[in-house]
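> Take a look and give me a structure for this.
(one chain, ligands or ions: 1)
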Amino acid sequence: MKRLFYNLSLRGKLTFITTLTCCLMLLLTLVVVIAMQRVSLRNELLQDGQMLARNISDNCVAALSHHDPQAAALVLEPLTATHRVIGARLFDQKQTVVAQYDRHREEDPEIDEPTVEPSLPRGYDFFQNYLDILQPVVSDGQVLGQLLLRVDMAQINDVLTRYLWVGGIVFIVYSCLAFLMASGLQRLVSNPINALLVSMQTISREKDYTLRVEKNSHDELGRLFDGFNAMLAEIEVRDQELRESEANLKYLVNHDSLTKVANRSLFHDRLDHALARAKRIKSRLAILFIDLDRFKNINDSLGHDIGDLVLCVVADRLGRLVRDADTLARNGGDEFVIILDQVKKTNDVSRYVQKLSRELAKTIEVSGQNLHVSASIGVSLYPENGEEAGTLMKAADVAMYKSKNNGGDSYQFYSAEMNVDSRESLLLEHQLRDALEQKQMLLYYHPQYELKSGQLVGFEALIRWNHPELGLVSPLDFIPMAEESGLIVPIGEWVLYTACKQMKAIQDKWKLPLTMAVNLSPRQFLHPSLVQTVAEVLYRTKLKPCFLELEITESMVMGDIDQSISKMNEFEKMGVSLAIDDFGTGYSSLEYLKKFPITKLKIDQSFVRELGRDDNDSAIVNSVIALGKGLNLRVIAEGIETVEQLDLLRQEGCDEGQGYLFSKPLPVNALSALLDSVLINNPEGLTQMGQKS
Ligand SMILES: Nc1nc2c(ncn2[C@@H]2O[C@H](COP(=O)(O)O[C@H]3[C@@H](O)[C@H](n4cnc5c(=O)[nH]c(N)nc54)O[C@@H]3COP(=O)(O)O)[C@@H](O)[C@H]2O)c(=O)[nH]1
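Numbers count the residues shown, from 1 in each chain. Model prediction:
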């Protein structure tokens, strides 16, 4: 029952409680009214009965005084006409019945004579169907006997029964009315609540917080609606803010923050979709890989802010030429990529790329300067150049690099002739651009020894490229590339800075007068700001110039001899020493060698390798050593791998040497062990260092 009640709707509960309350109230009223009516009817009956009993008892005085039963019977006889009185009995003083009247016995003589004692404490008593009244028969103050009058209550009972029936009918009718009214009344409350509920469900289902519930009253429910609407308004605002920040976040995740075009992640997503669609509808698509030419120069010379502005202008120009169905994205740095959907003819792509180039070639005016930008563009086509996104991207990248290698400001369609090897090397070259930024470059240090004493005198810094897929890449594989692309300038600067910093750290810790030799490439040497760069590096690392040695090759300086000599003089003034690397392999002129302010000759390892085995090589080595002595230059031999080579070099008076016989080039973390052992064998290192500086 309890559970049934709790399972009822709110409206059901309210209707039930209201109806029940009304019915109980009515029932109570009916009970009280009927009970009062009963009391009143009984009192009336009692009064009438007592009056009748008094009259009759007065008439019985004579009969009892004379003990005359017949007279007594005559007195009682009129009662037979009174339909209310169903019995009467006259007792004398000895409680003996003198006369009696019993309607029921008269009607049915078989009925047993009732045994009635003339004793009623109150003088009367109500029974279920009758009322007994005991009236003393008194004469001159003397009780002669008693009269018992039995009054029928059937009439009263009938009246009460009628009352009960009427009450019952009233109760039923009233209950129905109460139910109808209560349920109608509850509708006033529950309908708005239901409306609220329906609105809430709709809002929560459709997540549409702009909806509002309609208010129909100004009572508490009205206020509830107001409150609900206010809450919705608040949620709407928050929802809006949330949507905005979600959209913002989505935008940020998918767009390049500088140029506002799609970023790499969105691009790859779009490319996957475009490829899936192209496969489905058997159409073609093109990927354009766009790389700005010499953008680094803009950054380096005009600063990154200008560089950023240029990128924004380029993105804007490209964006204006990209159809809605196509995608333009920034691939990072100065690279942009475009997906051309549903390509019909290759010629269309060519025309489109030419249009892009023309648009990019327009002068860019930034901060009062007119800049000219061009791009190298590589194009790959689906399905001709591949079916997967990765393959097509690589193909477009390779083609772009091909066009860059052709001098830039051009475009190139990918073709199978750009074979795997050149593709790999083109890609490698491409990746080299990011290697510094990605901190993939590191230095190894090759120890250099004084051959006579066997003492460590310095290191040669040798670069390595820790490629994420290829592992350690030899400088032989990327220095030429870096040289060709001009990347050697920033790479060389990094080598210079890292090596000097490392040497300063070594000196600070081990207090040894060691020298750091750093290789310079031709392009690096020719760079106009080289001297300034070296000066800045020394200033920043606090390494004294006398501990830096720059290795240059003969061929480097032979181009513009005067300029080279003037540059070398500047280094000499600065206190930085110069060594001629790979000596003997290039075009050497004694005349010029004399003019060069160099301090050391480095015998190329190709001669050292054959020392003792090839007479020519041995002769060259001996000559170089002799030449060095003649010019008052120190001579160092590289590539010493055997004791025999070492002995021969010592015999000839070669000053220094390096090679696998002593040690392979060491990563920075292996230097400590070597330097610790040097310090143990050479405790005067500190003093020597003081002397050198
Ligand atoms: N411009 C720059 N050029 C650099 C830089 N770092 C290196 N290089 C040049 O790359 C070439 C290859 O260098 P690497 O592979 O590091 O080889 C060096 C030594 O490991 C190797 N070597 C030294 N001793 C031995 C030996 O006993 N056996 C043997 N097989 N190889 C040995 O010789 C290379 C050192 O050459 P060099 O510079 O002529 O002293 C090389 O031409 C480097 O110059 C850089 O930062 N910038």
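> Please count neighbours and contacts with C-alpha atoms only from this point.
OK.
> Which parts of the stretch 351-500 of the chain are helices?
Per DSSP state H, counting those that start in this stretch, the stretch 351-500 of the chain carries helices over the ranges 389-405, 420-435, 475-485, 488-510.
> what does the stretch 551-693 of the chain put close to the ligand?
Counting by CA under 6 Å from any ligand atom, the residues of the stretch 551-693 of the chain close to the ligand are 581, 582, 638, 639, 640, 641, 658, 659, 660, 665.
> May I see these arranged in a markdown table, with pLDDT, neighbour count and secondary structure as well?
Formatted as a markdown table, those follow (pLDDT from 0 to 100; neighbours: other CA atoms under 10 Å; DSSP: H, G, I helix; E, B strand; the rest coil):
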| residue | pLDDT | neighbour count | secondary structure |
| --- | --- | --- | --- |
| 581 | 92 | 23 | strand |
| 582 | 87 | 20 | strand |
| 638 | 95 | 22 | strand |
| 639 | 95 | 20 | coil |
| 640 | 95 | 21 | coil |
| 641 | 95 | 18 | coil |
| 658 | 97 | 27 | strand |
| 659 | 96 | 21 | coil |
| 660 | 96 | 14 | coil |
| 665 | 97 | 20 | coil |
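> mind checking which of the helices of the stretch 351-500 of the chain is nearest the ligand?
Closest approach to the ligand among the helices of the stretch 351-500 of the chain is made by helix 475-485 (4.5 Å; CA to the nearest ligand atom).
> tell me which residues in that closest one are buried?
478, 479, 481, 482, 483, 485 (16 or more other CA atoms under 10 Å).
> what sits up against it?
429, 432, 463, 464, 465, 488, 489, 491, 521, 522, 523 (CA atoms under 8 Å, 6 or more residues apart in numbering).
> Using CSV, list the CA coordinates for that helix.
What follows is helix 475-485, C-alpha atoms only, in CSV (Å, rounded to 0.1, in the frame of the first residue of the first chain):
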residue,chain,number,x,y,z
PRO,A,475,79.5,14.5,-41.5
LEU,A,476,80.7,13.1,-44.8
ASP,A,477,77.1,12.5,-45.7
PHE,A,478,75.7,15.9,-44.7
ILE,A,479,78.4,18.5,-44.6
PRO,A,480,78.5,18.7,-48.4
MET,A,481,74.7,19.1,-48.3
ALA,A,482,74.9,21.7,-45.6
GLU,A,483,77.6,23.4,-47.6
GLU,A,484,75.5,23.4,-50.8
SER,A,485,72.4,24.7,-49.1
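> Surely residue 341 forms part of a strand?
Yes - if the criterion is DSSP: H, G, I helix; E, B strand; the rest coil, then residue 341 is within a strand.
> Measure how buried it is and give me the count.
When neighbours are counted by other CA atoms under 10 Å, residue 341 registers 22.
> How about it, nearest residue that isn't a chain neighbour?
Spatial nearest neighbour of residue 341, chain neighbours left out: residue 285 (4.9 Å); criterion: CA to CA, 6 or more residues apart in numbering.
> circling back to that earlier point, pick the most buried one from the helices of the stretch 351-500 of the chain.
helix 389-405 (a mean of 23; mean count of other CA atoms under 10 Å).
> Now do that helix: everything it contacts.
268, 271-272, 275, 287-291, 293, 376-382, 385-386, 409-415, 418, 423, 426-427, 430.
> what residue ranges in this structure score low on pLDDT?
Low-confidence segments of the chain, defined by pLDDT under 70: 108-118, 419-426, 586-589, 679-693.
> In TSV: the helices of the stretch 351-500 of the chain, plus distance to the ligand.
Shown next, in TSV, are the helices of the stretch 351-500 of the chain (distance: least, CA to the nearest ligand atom, whole Å):
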stretch	distance to the ligand
helix 389-405	21
helix 420-435	14
helix 475-485	4
helix 488-510	6
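> any idea where the helices of the stretch 101-250 of the chain begin and end?
So, for the stretch 101-250 of the chain - with DSSP H, counting those that start in this stretch - the helices run 103-107, 154-206, 220-254.
> Of these, which is nearest the ligand?
helix 220-254 (38.3 Å).
> hey, C-alpha coordinates of the helix or strand just after that closest one in CSV?
Tracing the chain past helix 220-254, the next element assigned as helix or strand by DSSP states H and E is helix 264-281. Output in CSV follows, covering the C-alpha atoms of helix 264-281 (Å, rounded to 0.1, in the frame of the first residue of the first chain):
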residue,chain,number,x,y,z
ARG,A,264,49.6,19.8,-40.1
SER,A,265,47.2,17.7,-38.1
LEU,A,266,44.1,19.1,-39.8
PHE,A,267,45.8,18.8,-43.2
HIS,A,268,46.5,15.1,-42.7
ASP,A,269,42.9,14.6,-41.6
ARG,A,270,41.7,16.4,-44.7
LEU,A,271,44.2,14.5,-46.9
ASP,A,272,42.9,11.1,-45.6
HIS,A,273,39.3,12.2,-46.3
ALA,A,274,40.2,13.5,-49.8
LEU,A,275,42.0,10.3,-50.6
ALA,A,276,39.2,8.2,-49.4
ARG,A,277,36.7,10.2,-51.5
ALA,A,278,39.1,10.1,-54.5
LYS,A,279,39.3,6.3,-54.2
ARG,A,280,35.5,6.0,-53.9
ILE,A,281,34.6,8.2,-56.9
